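**Q** Fold the stuff below for me.
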Amino acid sequence: KARSEAALARPDHLANYVAGIPHGAPIPIRVDRDKIPGITVPTLLIHGRDDRVLHYEISLWLCANIPNSRLVLLNRCGHWAMIEHAEEFNRLVIDFLANN
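**A** Purely as a prediction, here's the structure:
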C-alpha cells in the first residue's frame, strides 16, 4: 500500500520507471561480475526468502564473492525487507554500521 501510494503521488516518476523497463529498469544488468570480489568494504546483504523480484540466490552469490560480507536471509519476507520487517531491518543496519 505504501509503495502504491508513493508511486501514485509522483506520476512523473512512475512514467519514467515504466519507460525504462525495456532498458533494464530499475537496475540494468550491466555489472562486471569479475569486479565483485574486489569489493573491500564491509558489506551487509539483507534479502527476503520469498522475494519474487530478485531470487535470494543472487545474494548468496554476492555473499560468497564479496570477501568481507554477511547475508541475513529473512523468512516470510518478499522484496521489501525494510518495510515488511522494518524493526529487524533497522536493528540489523544500525548494528552493522555501529560495528563496521
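**Q** who does whichever strand or helix holds Ala7 touch, helix- and strand-wise?
**A** Per DSSP states H and E, Ala7 falls inside helix 2-9. Contacts of helix 2-9 with other secondary structure elements, assessed using 3 or more Cβ pairs under 8 Å, 6 or more residues apart in numbering; DSSP states H and E, are made with helix 11-20. C-beta coordinates here come from the backbone N, C-alpha and C atoms, glycine included.
**Q** Give me the angle between the helix it packs on and helix 2-9.
**A** 100 degrees (axes from the mean of the first three to the mean of the last three Cα atoms, to 10 degrees).
**Q** State the mean pLDDT of the helix holding Ala7.
**A** With pLDDT averaged residue by residue, helix 2-9 scores 77.
**Q** Any buried residues in the longest helix seen in the chain, and which?
**A** Secondary structure assigned by DSSP state H gives helix 86-99 as the longest helix of the chain. Applying a neighbour-count criterion of 16 or more other Cβ atoms under 10 Å, the buried positions in helix 86-99 are Phe89, Leu92.
**Q** Alpha carbons of that helix, in CSV - could you do that?
**A** Listed in CSV are the C-alpha atoms of helix 86-99, where the atom choice follows Å, rounded to 0.1, in the frame of the first residue of the first chain:
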residue,chain,number,x,y,z
ALA,A,86,11.1,-2.8,9.5
GLU,A,87,12.2,-3.2,13.1
GLU,A,88,14.5,-6.1,12.4
PHE,A,89,15.9,-4.4,9.3
ASN,A,90,16.7,-1.3,11.2
ARG,A,91,18.3,-3.2,14.1
LEU,A,92,20.5,-5.1,11.6
VAL,A,93,21.6,-2.0,9.8
ILE,A,94,22.2,0.0,13.0
ASP,A,95,24.3,-2.8,14.4
PHE,A,96,26.2,-3.3,11.2
LEU,A,97,27.0,0.5,10.9
ALA,A,98,28.0,0.7,14.6
ASN,A,99,30.4,-2.2,14.4
